[in-house]
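S.K.: kindly generate the corresponding structure for this input.
(2 chains)
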Number of protein chains: 2
Amino acid sequence: MPSISSRGTHMPPSPIRKLVPYADAAKKRGTKVFHLNIGQPDIETPQVILDAVRNTHMKVLEYSPSAGFDSYRAKLAEYYKRNGINVTPADIIVTTGGSEAILFAIMGCLDPGDEIIIPEPFYANYNGFATSSGVKIIPIPSGIETGFALPPISDFEMAITPRTKAIMICNPNNPTGYLYSEEELNILRDICLRYDLFLFSDEAYREFCYDGRKHKSAMTLEGMSQNVILLDTISKRYSACGGRIGSFVTRNKTVIDAAMKFAQARLSPPSFAQILGEAAVDMPEDYFEGVHAEYNARRDLLVRRLNAMEGVLCPNPGGAFYAMASLPVDDSEKFCQWLLESFSHNGATVMMAPAAGFYATPDKGKNEVRLAYVLNQDAINMAMDCLEIALKEYNSK
Amino acid sequence: MPSISSRGTHMPPSPIRKLVPYADAAKKRGTKVFHLNIGQPDIETPQVILDAVRNTHMKVLEYSPSAGFDSYRAKLAEYYKRNGINVTPADIIVTTGGSEAILFAIMGCLDPGDEIIIPEPFYANYNGFATSSGVKIIPIPSGIETGFALPPISDFEMAITPRTKAIMICNPNNPTGYLYSEEELNILRDICLRYDLFLFSDEAYREFCYDGRKHKSAMTLEGMSQNVILLDTISKRYSACGGRIGSFVTRNKTVIDAAMKFAQARLSPPSFAQILGEAAVDMPEDYFEGVHAEYNARRDLLVRRLNAMEGVLCPNPGGAFYAMASLPVDDSEKFCQWLLESFSHNGATVMMAPAAGFYATPDKGKNEVRLAYVLNQDAINMAMDCLEIALKEYNSK
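M.R.: Residues are numbered from 1 along each chain as shown, chains lettered A, B, ... in the order given. The predicted model follows:
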């Protein structure tokens, strides 16, 4: 029997999915599971954009252009301009989800053995794309004690080697919810310019910023037009995760020409969801206000409930719909598994993502969990009731 | 300015797209262009499967499972069983087009520096996936003089090195239209078993076989359950290229477990087109009979017209919807460009794919073109009128 590849062997399994069999078993026993473990919003996809797909009349479901429909790229350029990001349709490649935009950036800019610096904890699937493309992620630790702020510039400088090609951020951050300030982005700009590095900026959660703060895109950093690649997706913005439509955006012509060749090799992004994405750009601005108010209230509730529990620390996240919390347990993975296997309160339990999977440094984040506030406030309250009682029960064992 | 990666620099541009600017210019001048250059069928997508998408009522466009909807995988297993391929849903991962299935196979089974043997000419995008994953394609020449039959077994054996991990075929073949016989598939089986190699079998055109011949899937080869990976797509089968739905199928548990990790990293395949694909499995069998009769007639017409031209040789292809022809010209790329730039007949011209881009060996196929018979018979006749007159005019220059 032929053996598989080393990269096939070493591809990291998704840390979020490890506990799924335990959740399935809990449901089989009749226990309700509050899913705070994944970033699948319960927010309804706007009917008007679903209708755009339902009202499509086509004779042939043809390949779209490899860069995406021209009409959609034109609309996307409008969307970005409204958000202060001045780009033309030629600066945009429509991708199959944000995932493919990440892959194009890594493949197009880094060779096997090259290094990319990422503040940890970070979105776990970056590991998968790095492994499949032979690239090394160099983590720079950020911690719960500073609320996951950008690590000091000296930490970046110490990590830079001749193989360093890029820094990658997710802003607002998944998994921490941290929203980088303009000052922090300027620090990143200075490092990138000084060491001639790309800045990959994953801005999937652009619209989800709280406390009156505004998002600043890395694309608006001065002097960085040749360094910044924006990695984007409509998944969270319009609760359209299953569409698989994202975008790869840069003003660097050499980079976009290279990415186009990767795009051509896979022929085209999915047509139906491009139609949905195009309709989404025309949605009234107040759509986000409603969504925003709902997430803001959820965040406030979740963070308040968590910090009221003994031994729990949850920094207030400035954006996205995630929060990280440290718990009074030794090993959050074991605790999360116990919650699914051995605990219920009023016939329910809660599922969270153990945070260790978001750290590259071994043993970091072992007592932390990531919570996605993608459920309504009643559900969050009930989930927090479960967690509060569970922690007491677990620690009295 | 940071420099891009070596793989970004060396990604091959699509050979099919090189001439697109000339075609666009011809259209601007008012010349009609008969597109025989790409495999985009003009066959209408069945209304019943488009309606399955149009009639969808969903509240939230959620991620599907990474392996695809369970219901779709169950339906796909039924489809494969009807085609003599005994697989269970657990053997199937739904992919984003056949393209992603190819990428998962290469990434999951081969490491950078490993080699994959492919009879040439071959589907040009295999080059892109090989370049992006650092894998080396070793071409084994097949030629127009044998109608692109499988090269002799000794050619394969001479090409095998300690780095050889797989043989890849496309059956029926793109670009040659060649349909491998059972004897040829058995030869491939023997080589794979003797040298412990994977066999990647791209069967996108399974339904398109002519002259009463039946397709034999590599999945039905005895003793090969651990070696064969089937790479598939609904793009051509149901004229649904823009959907971006394919499948990765193997009974090798280690391989499918590895591929699942790549699938998880990119989260999920597109939801809308999975709904379309699921509806397609329920289409009556006679759907293919109509499509089949139409392509058969087109093939007969195209091949007859080509071979009636002085100095043109076109072997009769047994499957798919492509034909390769050698032309009485030195350089088919220059000729194809001239057709778009400088020729018209009754206000029209014809666009074909220069064949050199499908060969890995330099200078091979320089006087050949690939023609996709994806237009109706009237259009094919007019296109052949153009080509016949053009060849005379070009050669009298």
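S.K.: dump the residue contacts of the closest residue to chain B within the stretch 1-150 of chain A.
M.R.: Among all residues of the stretch 1-150 of chain A, A:G128 sits closest to chain B, at 3.0 Å; criterion: C-beta to the nearest C-beta. For glycine as for every other residue, the C-beta is placed from the backbone atoms N, C-alpha and C. By C-beta atoms under 8 Å, 6 or more residues apart in numbering or on different chains, the residues touching A:G128 are A:11-12, A:14, B:261-262, B:264-265.
S.K.: pull out the buried residues from whatever helix or strand it lives in.
M.R.: Using DSSP states H and E, the secondary-structure element containing A:G128 is helix A:125-133. Neighbour counts over helix A:125-133 (16 or more other C-beta atoms under 10 Å in any protein chain shown) mark A:125-133 as buried.
S.K.: again with stretch A:387-396
M.R.: Buried positions in stretch A:387-396, judged by neighbour count with 16+ other C-beta under 10 Å: A:387-388, A:390-391, A:394.
S.K.: widest-spaced pair of those residues?
M.R.: Across the buried residues of stretch A:387-396, no pair lies farther apart than A:E388 and A:Y394, at 11.1 Å, counting by C-beta to C-beta.
S.K.: distance of the residue nearest in space to the middle of chain A from chain B?
M.R.: Computing the C-alpha centroid of chain A and ranking residues by C-alpha atoms, centre = their mean puts A:N174 first, at 4.4 Å. Separation of A:N174 from chain B (C-beta to the nearest C-beta, to the nearest Å): 13 Å.
S.K.: gap between the residue lying closest to that residue once chain neighbours are set aside and A:A353?
M.R.: Of all residues not flanking A:N174 in the chain, A:Y123 sits nearest, at 5.0 Å (C-beta to C-beta, 6 or more residues apart in numbering or on different chains). In this view, A:Y123 and A:A353 are 11 Å apart by C-beta to C-beta, to the nearest Å.
S.K.: the two: which has the busier surroundings?
M.R.: Of the pair A:Y123 and A:A353, A:A353 is the one with more neighbours under other C-beta atoms under 10 Å in any protein chain shown, namely 29 against 21.
S.K.: my guess is that one contacts A:E368. True?
M.R.: No - counting by C-beta atoms under 8 Å, A:A353 stays clear of A:E368, with 9.7 Å between them.
S.K.: that older thread, put together CSV for the buried residues of helix A:125-133, with pLDDT on each row.
M.R.: Converted to CSV, the buried residues of helix A:125-133 look like this (pLDDT from 0 to 100):
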residue, pLDDT
A:N125, 94
A:Y126, 96
A:N127, 95
A:G128, 95
A:F129, 96
A:A130, 96
A:T131, 95
A:S132, 94
A:S133, 95
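S.K.: now A:V369: closest residue in space, sequence neighbours ignored.
M.R.: With sequence-adjacent residues excluded and distances taken as C-beta to C-beta, 6+ apart, A:V369 is closest to A:M352, at 4.2 Å.
S.K.: quick one, what contacts the one you found?
M.R.: A:36-37, A:332, A:336, A:339, A:369-371, A:387.
S.K.: and it, how close does it get to B:I38?
M.R.: Noted for A:M352: a distance of 49 Å to B:I38, by C-beta to C-beta.
S.K.: still on that earlier bit, between A:Y123 and A:A353, what contacts are shared?
M.R.: The contact lists of A:Y123 and A:A353 share A:P175, where a contact means C-beta under 8 Å, 6+ apart.
S.K.: how about the residues of the stretch 51-200 of chain A by chain B?
M.R.: Neighbours of chain B within the stretch 51-200 of chain A, by C-beta under 8 Å from any C-beta of the partner chain: A:53-56, A:58-64, A:96-97, A:99-100, A:103, A:107-112, A:114, A:125, A:128-129, A:132-134, A:165-166, A:196-198.
S.K.: whichever of those residues end up buried, select them in ChimeraX.
M.R.: Buried residues among these (16+ other C-beta under 10 Å), as a ChimeraX selection:
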select /A:53,54,56,60,61,62,63,64,96,97,99,100,103,107,108,109,110,111,112,114,125,128,129,132,133,134,165,166,197,198
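S.K.: in strands, which of the residues of the stretch 51-200 of chain A next to chain B appear?
M.R.: A:165-166, A:198 (DSSP state E).
S.K.: pLDDT and distance to B:E145 for the residues you listed - can I get that in CSV?
M.R.: As requested, those are arranged in CSV below (pLDDT from 0 to 100; distance: C-beta to C-beta, whole Å):
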residue, pLDDT, distance to B:E145
A:K165, 98, 48
A:A166, 98, 50
A:F198, 98, 49
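S.K.: from the contacts of A:G128, which one has the minimum pLDDT?
M.R.: Note: of these, the lowest pLDDT belongs to A:S14, at 80.
S.K.: list the contacts of it.
M.R.: A:124-125, A:128, A:357, B:66, B:261, B:264-265.
S.K.: go again using 10 Å as the cut-off
M.R.: A:20, A:38, A:124-125, A:127-128, A:353, A:357, B:66, B:260-261, B:263-265, B:267 (C-beta atoms under 10 Å, 6 or more residues apart in numbering or on different chains).
S.K.: what do you get for A:A360?
M.R.: A:12, A:118, A:120-122, A:124, A:126-127, A:130, A:136-141.
S.K.: from these, which would you call buried?
M.R.: Buried members of the contacts of A:A360, scored by 16+ other C-beta under 10 Å, are A:12, A:118, A:120-122, A:124, A:126-127, A:130, A:136-140.
S.K.: show only the entries of those found in strands.
M.R.: In strands, judged by DSSP E, the following of the buried ones among the contacts of A:A360 are found: A:118, A:120, A:136-140.
S.K.: count of neighbours near A:S154?
M.R.: 8.
S.K.: buried ones in the longest helix along chain A?
M.R.: Secondary structure of chain A per DSSP state H: the longest helix is helix A:286-307. Judged by neighbour count using 16+ other C-beta under 10 Å, the buried positions of helix A:286-307 are A:287, A:291, A:294-295, A:298-299, A:301-303, A:305-306.
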